[in-house]
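Enquirer: give the three-dimensional model of this entry:
(chains A and B, ligands or ions: 2)
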Amino acid sequence: MRANCWMGRNTVEVREVPDPQIMNDRDAVVRITSTSICGSDLHLYDGYIPTMKKGDVLGHEFMGEVVEVGREVRNLRIGDRVVVPFPIACGHCVACERGFFSVCENSNPNAGLAEMVMGHSPAGIYGYSHMLGGFAGGQAEYARVPFADIGPIKIEDDLRDEQVLFLSDVFPTGYMGAEMCDIQRGDIIAVWGAGPVGQFAMASARMLGAERVIAIDRYPQRLRIAQENTGAEVINYEQVDVLEVLRDMTAGRGPDACIDAVGSESHHPSSAINAYDRGKQAVRLETDRPHALREAVLSCRNAGIVSVIGAYGGFIDKFPMGSLMNRSLTLRSGQCHVQRYLRPLLDRIRRGEIDPSFVITHRMRLDEAPKAYEIFKNKQQDCNKVVLSV
Amino acid sequence: MHTADGARPQDALPELVTPQAGPVPRLLGLLSLGIGVAAVAVPDQMARAAGMDHLPQHGRVARAVGARELGHAAALLSGRRPAAWAWTRVLGDAMDLSLLGLALRTGREQRQRRAAMATGVVGAITALDIAAAVYLTRVAARGRMTRVRASITVNRTPTQVYRFWRDLANLPRFMGHLESIRVGGGGRSRWTVRAPGGRSVHWDAEIVEDRPSELLTWRSLPGTAVPNVGRVSFVPVPGNRGTEVRVELAYAPPGGAVGRAVARLFGEEPGQQVRDDLRRFKQVIETGEVVRSEGSPQGTGTRHLMMQHPAQPLAGARVG
Ligand SMILES: [Zn+2]
Ligand SMILES: [Zn+2]
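Expert: Numbers count the residues shown, from 1 in each chain, chains lettered A, B, ... in the order given. Ligands and ions are numbered 1, 2, ... in the order given. Sure thing, here's the model as predicted:
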């Protein structure tokens, strides 16, 4: 089959690789119809996530048709149309039973590696480094899906791929970011990063009853998509001082909750601060550049919530702990427990409360993946989200 | 997961049959005693016999040698650390030989003859001491046990976990190096371990302690290549949070070619092996299978981490 493989920093190639096979009784094999490139794939592309290997098949956002099932998979049949959640979860450990699927205790066969970096291991993830399992990803013609009796959700409606594909990651991830904000009547929610995850966090904050939503980014096109689809007010951080503007917009209180939908490769308008963090990152003194997170903490109202859904890989520097502690802030975070949100969010899509396809700006073929990564990374052609059809 | 130095106190594992040093330490001790008594009681005669009576303070030197030998005798006859004391005997022999060398160079004809004879005797004793020291060192190494502890929490009740372990035939499902366990009568079982080069190594074991839902202790029968003993205990976690499974293993590093093959199986870090085994145990009992990825097709195993296959489907037949 054809698959998009990581071949080194800033290099992906669509190559011929063996077809996936059932390795365990709870596996299924899916023929992929649509797959997308995630902002977090860019962390791999840029070489910021350790333990990648040349030849790794990328991609953790995919859907398709079941073509083979293992003996223990009784909920799926050949021909079923499914969306596959990006965290691989066994369904039977304590974490899974409590709904914390992205920290499944069993799905990472390389947990020992993750423990060295993180103390304990989170779940395995498709196409996301060997530290997170060494699972082949879904930017390919086929993918093997472990624990297929737990993860995938069947799509029986005539909903288009584009409407349901993002249930695999970015829609639930944004939703969980908003849910962690404990939104109350009258709340103002600020979201750093107006990419697809941020846009879904804004849309979800609205669905959960936020009074106002504020988007912070530097790409006018992304801010426009956010504004048009979620009713967000927008701040371009290259043009104004974010803290000042937020203080003004909230008459001095600060947003009730702040969502970091940027993660480890954030950008700062001050070239000096940017260079400082880039320099430390280059010599591996910090693995992540946390400008957005710092600003989210400093902006948040006293006793507010900072919700982190942008992806971080390792360590950060100059975290404003004094602000967090002295002002009674709550910090919440996590890779999304996607399995928890599949059903309720599919229902919202079905009821027409949201059409997630609004984030798509580029539709390309799997074979064009290298070009797609380049466009997406450099935000050429106002790129917001690329869907690859297979 | 936890390699427990701070684990809750438990009864000690039953001791294995430790290799015996035999009569050697006692014989060495008696030899030391004889020389020591003579040198302390009749130092001048001893000095003359060694052709050293022309040297200044020869009586005092002989008494010092005697005192040293009495010390050796006490230590060797006590039976503690015989290998170390055999080596200090070798050291003492070297000192004596250098004294005799002095006598040989400086004495007159007759004394030189006596010194030469004494040198022959001390040389023979030295050879004997070296042989004994090497032998006792080997015995001590064989008796040194490698001990390993590890633990994990699983989402099952102690009874479920106990039942799973009690059926020893389940163990090869998660213990990487085990090929099979054939269960016989009377708590006896035959363990087969895969060895490099397509060979396998067997040993027989017996269950020596069996407290349902609580713990299980087993021990290899005498005469195996790899004497070993193990215990697994099951403690419920308060608040319905499953069971703490704690494993303690001890084995004596084996000798010979078979032993070396087995040692390689246990890996350079036996603790890591046990931790990996426990992780696979958790996967099997909670999910029904050993979790495999394209990068780690054999599943959890620290040895595989360094030789990851790229995360792309494997060519060829179905794994597992
Ligand atoms: Zn993603
Ligand atoms: Zn799980």
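Enquirer: for A:Ala123, give me its contacts.
Expert: Contact analysis of A:Ala123 by CB atoms under 8 Å, 6 or more residues apart in numbering or on different chains lists A:87-89, A:101-104, A:107-108, A:132-133, A:335. To be clear about C-beta, it is placed using only N, CA and C from the backbone, and glycine gets the same treatment.
Enquirer: could you dump those to TSV with secondary structure and neighbour count?
Expert: Listed next are the contacts of A:Ala123 as TSV, based on DSSP: H, G, I helix; E, B strand; the rest coil; neighbours: other CB atoms under 10 Å in any protein chain shown:
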residue	secondary structure	neighbour count
A:Pro87	strand	28
A:Ile88	strand	28
A:Ala89	coil	29
A:Phe101	helix	28
A:Ser102	helix	26
A:Val103	helix	21
A:Cys104	coil	29
A:Ser107	coil	33
A:Asn108	coil	30
A:Leu132	coil	29
A:Gly133	coil	32
A:Gln335	coil	22
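Enquirer: could you pick out which of the residues you listed are near ligand 2?
Expert: For ligand 2, the contacts drawn from these by CB under 5 Å from the ion are A:89, A:104.
Enquirer: ok, the contacts of A:Ala123 vs chain B, which is closest?
Expert: The shortest approach to chain B among these belongs to A:Gly133, at 4.8 Å (CB to the nearest CB).
Enquirer: any idea how far that closest one lies from A:Gly55?
Expert: Going from A:Gly133 to A:Gly55 by CB to CB, to the nearest Å gives 15 Å.
Enquirer: could you do A:Ile155 as well?
Expert: For A:Ile155, the distance to A:Gly55 - CB to CB - is 31 Å.
Enquirer: more crowded one of those two?
Expert: Taking other CB atoms under 10 Å in any protein chain shown, A:Ile155 and A:Gly55 do not tie; A:Ile155 has more neighbours (21 against 18).
Enquirer: which residues does the residue lying closest to that one once chain neighbours are set aside form beta bridges with?
Expert: Nearest non-adjacent residue to A:Ile155, counting by CB to CB, 6 or more residues apart in numbering or on different chains: A:Arg81, 4.8 Å away. According to DSSP bridges, the residues that bridge with A:Arg81 are A:Glu65.
Enquirer: buried ones in the helix or strand hosting B:Ser32?
Expert: When secondary structure is defined by DSSP states H and E, B:Ser32 falls within helix B:24-41. For helix B:24-41, the neighbour count (16 or more other CB atoms under 10 Å in any protein chain shown) marks B:24-25, B:28-29, B:31-33, B:35-36, B:38-40 as buried.
Enquirer: let me have those residues in a markdown table, extended by pLDDT.
Expert: As requested, the buried residues of helix B:24-41 are exported to a markdown table (pLDDT from 0 to 100):
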| residue | pLDDT |
| --- | --- |
| B:Val24 | 85 |
| B:Pro25 | 85 |
| B:Leu28 | 89 |
| B:Gly29 | 89 |
| B:Leu31 | 90 |
| B:Ser32 | 89 |
| B:Leu33 | 91 |
| B:Ile35 | 89 |
| B:Gly36 | 90 |
| B:Ala38 | 89 |
| B:Ala39 | 88 |
| B:Val40 | 89 |
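Enquirer: state which one residue of the stretch 101-250 of chain B is found closest to ligand 2.
Expert: Closest residue of the stretch 101-250 of chain B to ligand 2, CB to the ion: B:Asn155 (8.6 Å).
Enquirer: the closest residue to that residue other than its chain neighbours: neighbouring residues, count only.
Expert: Excluding the flanking residues, the one nearest B:Asn155 by CB to CB, 6+ apart is B:Gly242, at 4.4 Å. Neighbour count of B:Gly242, defined by other CB under 10 Å: 21.
Enquirer: next one: the one 4 residues further on
Expert: Counted with other CB under 10 Å, residues neighbouring B:Arg246 total 21.
Enquirer: other SSEs contacting the host helix or strand of it?
Expert: In the assignment (DSSP H and E), B:Arg246 maps to strand B:243-251. Contacts defined by 3 or more CB pairs under 8 Å, 6 or more residues apart in numbering or on different chains; DSSP states H and E place strand B:243-251 against strand B:146-154, helix B:158-166, strand B:228-236, helix B:270-287.
Enquirer: try it again at 6 Å.
Expert: strand B:146-154, helix B:158-166, strand B:228-236 (3 or more CB pairs under 6 Å, 6 or more residues apart in numbering or on different chains; DSSP states H and E).
Enquirer: re earlier: dump the contacts of A:Ala123 to JSON lines, plus distance to ligand 1.
Expert: Shown next, in JSON lines, are the contacts of A:Ala123 (distance: CB to the ion, whole Å):
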{"residue": "A:Pro87", "distance to ligand 1": "10"}
{"residue": "A:Ile88", "distance to ligand 1": "14"}
{"residue": "A:Ala89", "distance to ligand 1": "16"}
{"residue": "A:Phe101", "distance to ligand 1": "15"}
{"residue": "A:Ser102", "distance to ligand 1": "12"}
{"residue": "A:Val103", "distance to ligand 1": "17"}
{"residue": "A:Cys104", "distance to ligand 1": "17"}
{"residue": "A:Ser107", "distance to ligand 1": "17"}
{"residue": "A:Asn108", "distance to ligand 1": "17"}
{"residue": "A:Leu132", "distance to ligand 1": "12"}
{"residue": "A:Gly133", "distance to ligand 1": "15"}
{"residue": "A:Gln335", "distance to ligand 1": "9"}
